[in-house]
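Q: structure of the sequence below:
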Amino acid sequence: MSAEGALLFARYAYPPNELGYCGPADATALLRRDATADIERRARQFEGAWCYLQFLAETAGLADPLDVRVVEAYWIGNELLDRADPAALVERMTDRFRGQPGGTWRDAGRRALAHHSFQVFEVYPWAPMLRSMGHPTALSVLDQCRIRTGVVVAADRDLATVRSRPLRWDGARLADGAWREETVRCSAGGLTLLDGLSAGDRVALHWDWVCDVITDEQARRIEFLEGHRRTGLGLSSCEPGRRPRRSGLTAAGSVDSCSGRPGAMAR
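A: As a prediction, this is how the structure comes out:
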């Protein structure tokens, strides 16, 4: 088991676990750096994420679902996503998520991706609820449950002020809203997996939590894969952009972000 991969998983999985949405009780156990064996045991109890991690590891020929490359692929995106067949993923999910209500994943045999954005926008029922009813709770959950990016303005050990762009719904399409400042947490009960934050750091956010300091390239991958998911579902207007290096979408296996058809990638 990769200790590095276990800690990377914990950085992103802690906030929904703390909220009681997934994983076992006592979320603070995920924040104990010296307890990676326990984190691995807990990770197996995240029914949704663990399914994707196992699938990615198997398709990449890796023995450890918590290999850091596998964990990065699921939360951020990398080239391992290219190796996973969409139809095979849906088949695996049909068994694992049989009782999952709503969502569009059952019809996603050509576009399924073992990435968190797919779980948020296609497995959970919130995107269809937003489209059909404009439900404000659906918009809020989509915004907070996705992995989003931001830039640190100021921080101490417990809290950070971050500039980020929330999702905006105009009644027909999702778009990135105006930049705003929000206060997010860096630690809980004195425990943190971060080594400190500085103004200007690019960060990944999940709910009200700073998951990690990321590179500009990783931020582009997160943003690209989410945008690609939204345009493919017709939730956002076409916004062509350059595909990031190691994004996890090959031109041959992609969906054209303007037409929704498999094939060419917007450049």
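
Q: what are the boundaries of the helices in the stretch 51-200 of the chain?
A: With DSSP state H, counting those that start in this stretch as the criterion, the stretch 51-200 of the chain has helices at 68-75, 86-96, 116-118, 126-133, 136-145.

Q: now render these as TSV, adding distance to Phe224.
A: All C-beta spots, glycine's among them, are computed from the backbone N, C-alpha and C. Shown next, in TSV, are the helices of the stretch 51-200 of the chain (distance: least, C-beta to C-beta, whole Å):
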stretch	distance to Phe224
helix 68-75	14
helix 86-96	17
helix 116-118	10
helix 126-133	18
helix 136-145	17
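
Q: which one is Met93 nearest to, not counting chain neighbours?
A: Trp105 (6.2 Å; C-beta to C-beta, 6 or more residues apart in numbering).

Q: neighbours of that neighbour, how many?
A: 21 (other C-beta atoms under 10 Å).

Q: likewise Gly189?
A: 8.

Q: follow-up on the earlier one: quick one: closest of the helices of the stretch 51-200 of the chain to Glu226.
A: helix 116-118 (4.6 Å; C-beta to C-beta).

Q: give me the low-pLDDT residue ranges for the stretch 101-250 of the chain?
A: 238-250 (pLDDT under 70).

Q: what ranges do the strands span in it?
A: With strands called from DSSP state E, counting those that start in this stretch, the stretch 101-250 of the chain shows them at 148-155, 159-164, 167-169, 174-176, 180-185, 202-206, 209-213.

Q: what does the longest one rub up against?
A: Right, strand 148-155. With C-beta atoms under 8 Å, 6 or more residues apart in numbering as the test, strand 148-155 has contacts from 160-165, 181-182, 184, 186, 196-206, 214, 219, 222-223, 226.

Q: export the strands of the stretch 101-250 of the chain to JSON lines and tack on mean neighbour count?
A: Output for these, formatted as JSON lines (neighbours: other C-beta atoms under 10 Å):
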{"stretch": "strand 148-155", "mean neighbour count": "19"}
{"stretch": "strand 159-164", "mean neighbour count": "18"}
{"stretch": "strand 167-169", "mean neighbour count": "17"}
{"stretch": "strand 174-176", "mean neighbour count": "19"}
{"stretch": "strand 180-185", "mean neighbour count": "14"}
{"stretch": "strand 202-206", "mean neighbour count": "22"}
{"stretch": "strand 209-213", "mean neighbour count": "22"}
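
Q: can I get the ones you listed in a markdown table with distance to Pro125?
A: Shown next, in a markdown table, are the strands of the stretch 101-250 of the chain (distance: least, C-beta to C-beta, whole Å):
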| stretch | distance to Pro125 |
| --- | --- |
| strand 148-155 | 20 |
| strand 159-164 | 25 |
| strand 167-169 | 16 |
| strand 174-176 | 16 |
| strand 180-185 | 25 |
| strand 202-206 | 19 |
| strand 209-213 | 23 |
